[in-house]
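Student: this is a predicted model, with the sequence first.
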Amino acid sequence: MASNGARIKVSREPRRQLNNRAAWITVDDGATENACAVVDISPGGAKITTEVEFDVKDRLALTLLADHAKRYPCEVVWRRGKTYGLKFVTADAEPDEPAAEPAGVI
């Protein structure tokens, strides 16, 4: 098959490898908090792993620093055993806005 056009470059979000940095997820409107590890993070979301597999709802909050009260609302995009793909969400902000804060915190 012949191609007479240049390849289209797909732009992806920058990712930062964190090598299992400790973090915490909060579910059930703050009633349950579980430790997790952030494998990588981008302005739009994060990939986390947990010690044990558990049933995670579609929404949760991610805390990146132990002494920091800021929780980032997330939506679970995919699950594979003890690994979860998260997307940062906010109710009032533009889709790109929540990305600046989580990436800048690290």
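Tutor: The structure has been received and is ready for your questions. Numbers count the residues shown, from 1 in each chain.

Student: CA only for contacts and neighbour counts going forward, please
Tutor: Noted.

Student: tally up the residues packed near R7, please.
Tutor: Residues within reach of R7, counting by other C-alpha atoms under 10 Å, total 7.

Student: tell me which element it falls in.
Tutor: Element membership for R7, per DSSP states H and E: none, as it lies in no helix or strand.

Student: one more: N19?
Tutor: strand 16-27.

Student: rounded mean pLDDT for that strand, please.
Tutor: The pLDDT scores in strand 16-27 average 81.

Student: ditto for stretch 68-88
Tutor: On average, stretch 68-88 scores 91.

Student: hang on, the earlier thing: output the helix or strand just after the strand holding N19 as PDB, restricted to C-alpha atoms.
Tutor: Using DSSP H and E, the helix or strand that follows strand 16-27 towards the C-terminus is strand 32-42. In PDB, the C-alpha atoms belonging to strand 32-42 read as follows (Å, rounded to 0.1, in the frame of the first residue of the first chain):
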ATOM      1  CA  THR A  32     -12.700   5.000  53.600                       C
ATOM      2  CA  GLU A  33      -9.000   5.800  52.900                       C
ATOM      3  CA  ASN A  34      -6.600   3.300  51.300                       C
ATOM      4  CA  ALA A  35      -2.900   3.500  50.600                       C
ATOM      5  CA  CYS A  36      -1.800   3.200  47.000                       C
ATOM      6  CA  ALA A  37       1.300   3.900  44.900                       C
ATOM      7  CA  VAL A  38       1.300   6.300  41.900                       C
ATOM      8  CA  VAL A  39       3.100   4.600  39.000                       C
ATOM      9  CA  ASP A  40       2.900   7.600  36.700                       C
ATOM     10  CA  ILE A  41       1.000  10.900  36.400                       C
ATOM     11  CA  SER A  42       0.100  13.300  33.700                       C
END
